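Enquirer: Fold the following and give me the result.
(2 chains)
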Amino acid sequence: MRGIAESMAWIRPRSAREALERLAERPEALPLAGGTDFMVAWNAGLQNHRTILDLSRVAEWGSIHATKAGVIVGALATHSTLQRHPAIRRDFPLLPKACALIGALAIQNRGTLGGNIANASPAGDTFPPLAVYEAIVHVASREGRRAVPFTDIFAGVKKTTLRPGELITAVELPFPRTRPKRSYFRKVGTRAAQALSKTVAAGLLWLSSGGAVEELRFALGSMAPTVRRLKSAESFLRGKRLDGPAIDHACTLLERDVSPIDDVRSTAEYRLAVSRNLLREFLENQR
Amino acid sequence: MPIRITVNGKRRIFGGPPFKRLIDVLREDFQLTGTKEGCGEGECGACTVLLDGEPVNSCLIPVGQLDGRAVKTVESLAAGERLNALQQCFLESGGAQCGICTPGMLMTASYWLGSGGSKDPSAVRNALAGNLCRCTGYQQIVDSVIAAARKRKSRA
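Expert: Presented below is the predicted three-dimensional model:
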């Protein structure tokens, strides 16, 4: 089976307002941004006879701008744009690190942040950074707008909590009160480029002047149906010094917040072992 | 609604279905068969073309998204029978073997050289990470791009 171009209906709004109007009229239409995931399924003949809402002309959702409170990334900003943006590189460096490891350059030039989120793959590489930065997803429909905390946007594997007629318009990255003392991103796949993650981690750490943990945020992707913050390890370490026994215990707590599976890319056992090592690497400041 | 695209500097009009993939429009409607399809999944990079100067996988783009935009394919590199410096380097260093990955390699490498990319071997490998080759083992391809980067330096 192949994709049949003639079977597809094509709606091409010119503005955000028109996009939301057209989607309200045709809530079954599939929003298309960079197409880097959808087109793979379409090429295999799995998505014929669909109505496509092409968002590529909605320029107002493609920009990135800083405010006093943070940086607002338009949903249609590409992974390449994110890597180049100075405010993001300076204040949210884990996000461009993740974007640089999504597919290869040709994918990064087309794939968008909003598309990555709407797609809701358990292995989405931007998700651990967005989870530790406590991003806010802005969504809109013809009826109105709402803001959703990042981890609440996911309902399960490839499922979001977006309602019919809603589109992601932007992702807000709030500036943290103070600069974290340490930050961490690491993706583990089969090869350096073009790999889907077996596990993917992001971490932020704030330490008091005495060296105790003020706040730890650590998130893992590919370890559960959706991205997970390690709430148990994070709250256990609050106020503690990062000595050997505390780190050991935090690593044993990791599995309380994840539920890895065996699949084509890896095994649950491998994923757990490697994820513990990533947490340890971060807490021991080895990288 | 006809779709207007500039392909290799020429303005073209496509009047077929907007969901036809760019690669199929290039090959079937514009008779530009230099661009090859490998995997059809965005993994292999064989179908790489430049969209407004940046590499993309032409197997993953419905042409309807490209109204008003500019595409460059491998056919844009040579002037008639005269190869450009990069193509000449691929020829001299054995960078092309079966030829399926070559058009994509050339377009990604063109972007790399044109955007000021260095001749450092590991940087070149990283730049070409999205283009797979099943013949050469990559060394000759990397050599070809480094040779072209040296020529560019000596011209400048």
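Enquirer: contacts, neighbours, all on C-alpha from now
Expert: Fine.
Enquirer: A:Leu279 contacts A:Leu253, correct?
Expert: No: here A:Leu279 does not reach A:Leu253: they are 10.8 Å apart, not a contact under CA atoms under 8 Å.
Enquirer: Provide a list of residues in contact with the spatially most central residue of chain B.
Expert: Compute the mean C-alpha point of chain B, and by CA atoms, centre = their mean the closest residue is B:Met107, 2.5 Å away. Applying CA atoms under 8 Å, 6 or more residues apart in numbering or on different chains to B:Met107 gives the contacts B:48-50, B:55, B:73-74.
Enquirer: Next one: B:Arg69 from chain A, what distance?
Expert: 12 Å (CA to the nearest CA, to the nearest Å).
Enquirer: can you list contacts of the longest helix along chain B?
Expert: Looking across chain B with DSSP state H, the single longest helix is helix B:139-155. Under the criterion CA under 8 Å, 6+ apart, residues B:85-86, B:89-90, B:92-96, B:109, B:113, B:118-121, B:124-125 lie in contact with helix B:139-155.
Enquirer: sorry, back to before: which of the contacts of B:Met107 has the most neighbours?
Expert: Neighbour count (other CA atoms under 10 Å in any protein chain shown) singles out B:Thr48 as the most crowded of these, with 32 neighbours.
Enquirer: quick one: that residue and B:Leu60 touch, right?
Expert: No: B:Thr48 is beyond contact range of B:Leu60, at 10.1 Å (criterion: CA under 8 Å).
Enquirer: Going along the chain, name the strands of chain B.
Expert: B:3-7, B:10-14, B:48-51, B:54-57, B:69-72 (DSSP state E).
Enquirer: from the middle of its chain, how far away would stretch B:20-39 be?
Expert: 12 Å (CA atoms, centre = their mean, to the nearest Å).
Enquirer: buried residues in it?
Expert: Residues B:20-26, B:32-38 are the ones in stretch B:20-39 that count as buried (16 or more other CA atoms under 10 Å in any protein chain shown).
Enquirer: same for the helix or strand hosting A:Pro128, what does it pack against?
Expert: Using DSSP states H and E, A:Pro128 sits within helix A:127-132. If contacts are counted by 3 or more CA pairs under 8 Å, 6 or more residues apart in numbering or on different chains; DSSP states H and E, helix A:127-132 sits against helix A:94-99, strand A:199-207, strand A:213-221, strand A:228-229.
Enquirer: Can you give the distance from the first one to the centre of its chain?
Expert: The reference is to helix A:94-99. 10 Å.
Enquirer: quick one: contacts of it?
Expert: Contacts of helix A:94-99 (CA under 8 Å, 6+ apart): A:79-80, A:82-84, A:88-89, A:108, A:125-126, A:129-130, A:183-185, A:187, A:202.
Enquirer: Can you tell me which of these end up in strands?
Expert: Short answer: these in strands (DSSP E) are A:183-185, A:187, A:202.
Enquirer: Taking those residues, tell me the two that lie furthest apart.
Expert: Among the ones in strands among the contacts of helix A:94-99, the pair separated by the greatest distance (CA to CA) is A:Ser183 and A:Lys187, at 13.9 Å.
Enquirer: and the nearest residue to A:Asp152 once chain neighbours are set aside, what does it touch?
Expert: Counting by CA to CA, 6 or more residues apart in numbering or on different chains, A:Asp152 lies nearest to A:Thr161, which is 7.3 Å off, once chain neighbours are set aside. A:Thr161 makes contact with A:152-155, according to CA under 8 Å, 6+ apart.
Enquirer: same thing but at 10 Å, please
Expert: A:118, A:148, A:152-155 (CA atoms under 10 Å, 6 or more residues apart in numbering or on different chains).
Enquirer: B:Pro103 is nearest to which of the helices and strands packed on helix A:127-132?
Expert: helix A:94-99 (25.7 Å).
Enquirer: what's around the nearest residue to A:Leu237 once chain neighbours are set aside, how many residues?
Expert: Nearest residue to A:Leu237, sequence neighbours excluded (CA to CA, 6+ apart): A:Val213, at 6.4 Å. Residues within reach of A:Val213, counting by other CA under 10 Å, total 20.
Enquirer: Quick check: the gap between A:Val213 and chain B.
Expert: 37 Å.
Enquirer: Over to A:Thr252: give its phi and psi.
Expert: Main-chain torsions, A:Thr252, degrees, to the nearest 10: phi -70, psi -30.
Enquirer: Tell me how many other residues crowd it.
Expert: Using other CA under 10 Å, A:Thr252 has 12 neighbouring residues.
Enquirer: Surely it and A:Phe236 touch.
Expert: No: if you go by CA atoms under 10 Å, A:Thr252 and A:Phe236 don't touch, sitting 11.1 Å apart.
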